[in-house]
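Visitor: Sequence first, then the predicted structure, then my questions.
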Amino acid sequence: MKARSTRNASVQATENGWRLGIQKGDSSGYRDAQLDDYSQLPRHRFPHQSLRLSLRAKISNISAAGTWGFGLWNDPFGLSLGFGGNPFRLPALPNAVWFFFASPQNYLSFTDDKPAQGFLAQTFRSPKFHPLLIPAGLALPFSRKMTRKLLSKVINEDSSAVSVDTTQWHRYRIEWDAKRTVWYVDDALVFESPVSPNTSRPLGVIIWIDNQYAAFTPEGKIAAGVLAGEEEWLEVEDLVISEK
C-alpha cells in the first residue's frame with residue numbers, strides 16, 4: 001500500500017497500521033489522505049479481480065464533512081494525463097465495492113430507492129460501454145433527470161445503510177467475487193448483494209478520508225466541490241488482503 005496526501009493532509013504509520021488525517025480548513029482547498037495499491041498503474045493492470053479485505057477502523061467524528069471509507073474501485077472519476085509519474089487514465093463508468101461514508105452534501109446513487117448518504121455498504125457494476133450512454137450524453141444539456149434515469153439503466157448498483165458507531169473500533173470485512181459481494185462488521189453479516197463488479201475489469205484497494213462531495217440528485221441537480229470542516233482522522237490497523 002502506498003501513502004498519498006494533499007497539502008494539509010497526512011498519512012502516518014502507527015504500531016499496527018496507519019492514521020489518515022486532514023486538517024481543519026475552509027472550502028477553498030481539497031484535503032485528501034489515502035492509501036492505495038494502484039496509483040502508478042494503468043487501469044487495466046489494477047491488482048485485483050476478486051478479493052477478501054479485512055481491517056479494523058475508527059473515525060474521529062461520526063458526521064465528518066466529506067467522504068471516507070475503504071474497499072475497492074476502478075478510480076473512475078480521476079482524470080490522469082500521465083503527469084506526476086501517474087499513467088494515462090481517462091474517466092470511466094464506476095466499478096466499486098466498499099464501506100463508504102458520505103456526508104449529507106453528497107448524493108451518490110443513480111437510483112431513487114437506495115441510500116445515498118451516511119455510512120453504507122455499497123457496490124457498483126458498470127460495462128465499459130453501453131449504447132444508452134449516447135442518449136444520456138445528448139440529454140444532459142436539456143434534461144438532467146433524463147440523463148440520470150438513463151445512467152441508472154447502465155450502472156447497476158446496490159447499497160445498504162450500516163448501523164454502527166464508527167467512532168469506535170470495529171472489524172470490517174468485504175468478500176468480493178464474480179457472483180456476489182458480502183460485507184461483515186465484527187464477523188456479523190450486514191449486507192449481501194448479487195451486484196458484483198465485473199471481475200474481468202480489475203480493481204484497486206483504497207482507504208481514504210477527504211473533504212470532497214458529489215451529488216446527482218433525483219431532481220437532476222449536479223453538484224461537486226470541497227467542504228469546510230474540522231480536523232478529522234481515520235485510523236486503520238490489522239489490514240489483511242487476500243485473493244479469493
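Guide: Looks like it came in fine. Residues are numbered from 1 along each chain as shown.
Visitor: rest of the way, CA atoms for contacts and neighbours
Guide: Noted.
Visitor: Tell me the first helix or strand C-terminal of the longest helix seen in the chain.
Guide: The longest helix of the chain (DSSP state H) is helix 144-154. Downstream of helix 144-154, the next assigned helix or strand under DSSP states H and E is strand 156-161.
Visitor: neighbouring strands for whichever helix or strand comes after that next one, and are they parallel or not?
Guide: Using DSSP H and E, the helix or strand that follows strand 156-161 in sequence is strand 170-176. The strands beside strand 170-176 in its sheet (DSSP bridges) come out as strand 51-59 (antiparallel), strand 181-185 (antiparallel).
Visitor: will you turn those into a markdown table that also has distance to residue 230 and mean pLDDT?
Guide: Compiled in a markdown table, these are given as follows (distance: least, CA to CA, whole Å; pLDDT from 0 to 100):
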| stretch | distance to residue 230 | mean pLDDT |
| --- | --- | --- |
| strand 51-59 | 13 | 97 |
| strand 181-185 | 27 | 97 |
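Visitor: hang on, the earlier thing: for the longest helix of the chain, give the mean pLDDT please.
Guide: For helix 144-154, mean pLDDT is 71.
Visitor: Any idea which of the strands paired with strand 170-176 gets closest to residue 2?
Guide: Shortest distance between residue 2 and the strands paired with strand 170-176, using CA to CA, is found for strand 51-59: 16.3 Å.
Visitor: which outside residues touch the helix or strand following the closest one?
Guide: Beyond strand 51-59 on the C-terminal side, the first helix or strand identified by DSSP H and E is strand 67-73. Surrounding strand 67-73, the residues in contact under the criterion CA atoms under 8 Å, 6 or more residues apart in numbering are 53, 94-103, 174, 203-213, 234.
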